[in-house]
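J.: Take this sequence and fold it.
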Amino acid sequence: MRFINLCLSIPNLDTIIFYIIFVIIIPGGLFSSGDYETLKYYLPALVMAAVTLTESGKPDVFTNLYPTTCSKNSTFSGFLSTNIINGIAIVGILIQSLSLAATTSSITLGLVSGLIIFSITFPMAQQILPYFIREVDFLFCPAKYISDNTNCMVTPGNWHMYLAGLIFSIFLLIVQYTLLIGFSKYILSTNIKLI
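T.: The predicted model follows:
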């Protein structure tokens with residue numbers, strides 16, 4: 001509870017902490033250790049992490065991290081944060097696609113892998129992930145939606161929403177990985193060339 005009070009008293013502290021940990025420290029550690037393979041998958045997954053934290057932390061925490069809907073309460077810091085995270089994810093998608101195309105000498109495979117990662121990262125993570133988190137919240141705390149009672153007796157602090165977002169993000173990453181492996185094997189075995 002102290003963290004929430006501190007975040008409410010210092011504006012955007014939660015967003016700053018997210019950027020320090022998830023945008024600077026973890027990618028810096030992966031880059032300095034030479035683990036570029038993990039870094040390629042990590043950068044697009046930042047969108048899923050940001051969406052989960054924003055949707056689960058409403059209305060107190062992470063409100064300006066990744067606001068997905070246009071609202072009257074949108075701020076410039078939320079707009080800037082969303083676009084920085086989107087830019088980092090696009091860089092990760094481009095690195096993944098171009099390195100796969102260069103490694104396999106198949107532009108088609110690079111294009112298909114980029115489209116798969118893009119479709120999982122943006123439309124699914126931005127639209128379906130918040131919907132899934134809200135539905136899980138409704139299952140655990142229906143009184144919140146019926147009588148505007150914000151107290152949830154099952155899981156204090158919205159931990160059920162954070163856990164639901166983490167589980168669905170892992171599911172999306174598994175689907176993405178499975179599609180990448182399946183299409184890679186198919187394109188390389190049949191030697192399809194679109195370009």
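
J.: CA only for contacts and neighbour counts going forward, please
T.: Fine.

J.: quick one: what helix or strand has the closest residue to Tyr36 other than its chain neighbours in it?
T.: Distance criterion Cα to Cα, 6 or more residues apart in numbering; nearest residue to Tyr36, sequence neighbours excluded, is Leu30 at 6.8 Å. Using DSSP states H and E, Leu30 sits in helix 26-33.

J.: roughly how far apart are Ile93 and Leu100?
T.: 11 Å (Cα to Cα, to the nearest Å).

J.: Assign the spatially most central residue of the chain to helix, strand or coil.
T.: With distances taken as Cα atoms, centre = their mean, Met48 lies nearest the centre of the chain, 1.4 Å away. Here Met48 is helix, with the state taken from DSSP: H, G, I helix; E, B strand; the rest coil.

J.: For the helix or strand harbouring Phe138, what is the distance to the chain centroid?
T.: Take DSSP H and E as the rule and Phe138 turns out to sit in helix 129-140. Averaging C-alpha positions (Cα atoms, centre = their mean, to the nearest Å) puts helix 129-140 16 Å from its chain's average.

J.: Extract the residue ranges of the protein that are flagged as low pLDDT.
T.: Within the chain, the stretches with pLDDT under 70 are 1-9, 69-73, 142-156, 193-195.

J.: All the helices of it, residue numbers only.
T.: Remark: helices assigned in the chain by DSSP state H are 2-9, 13-18, 26-33, 36-57, 76-104, 107-119, 129-140, 142-146, 159-190.

J.: Make TSV from those and add distance to Leu65 to it.
T.: As requested, the helices of the chain are exported to TSV (distance: least, Cα to Cα, whole Å):
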stretch	distance to Leu65
helix 2-9	12
helix 13-18	5
helix 26-33	17
helix 36-57	6
helix 76-104	6
helix 107-119	20
helix 129-140	14
helix 142-146	23
helix 159-190	15
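
J.: Isn't Gly110 up against Leu94?
T.: No - using Cα atoms under 8 Å, Gly110 makes no contact with Leu94, being 9.1 Å away.

J.: The two - which one has more neighbours?
T.: Gly110 (23 against 20; other Cα atoms under 10 Å).
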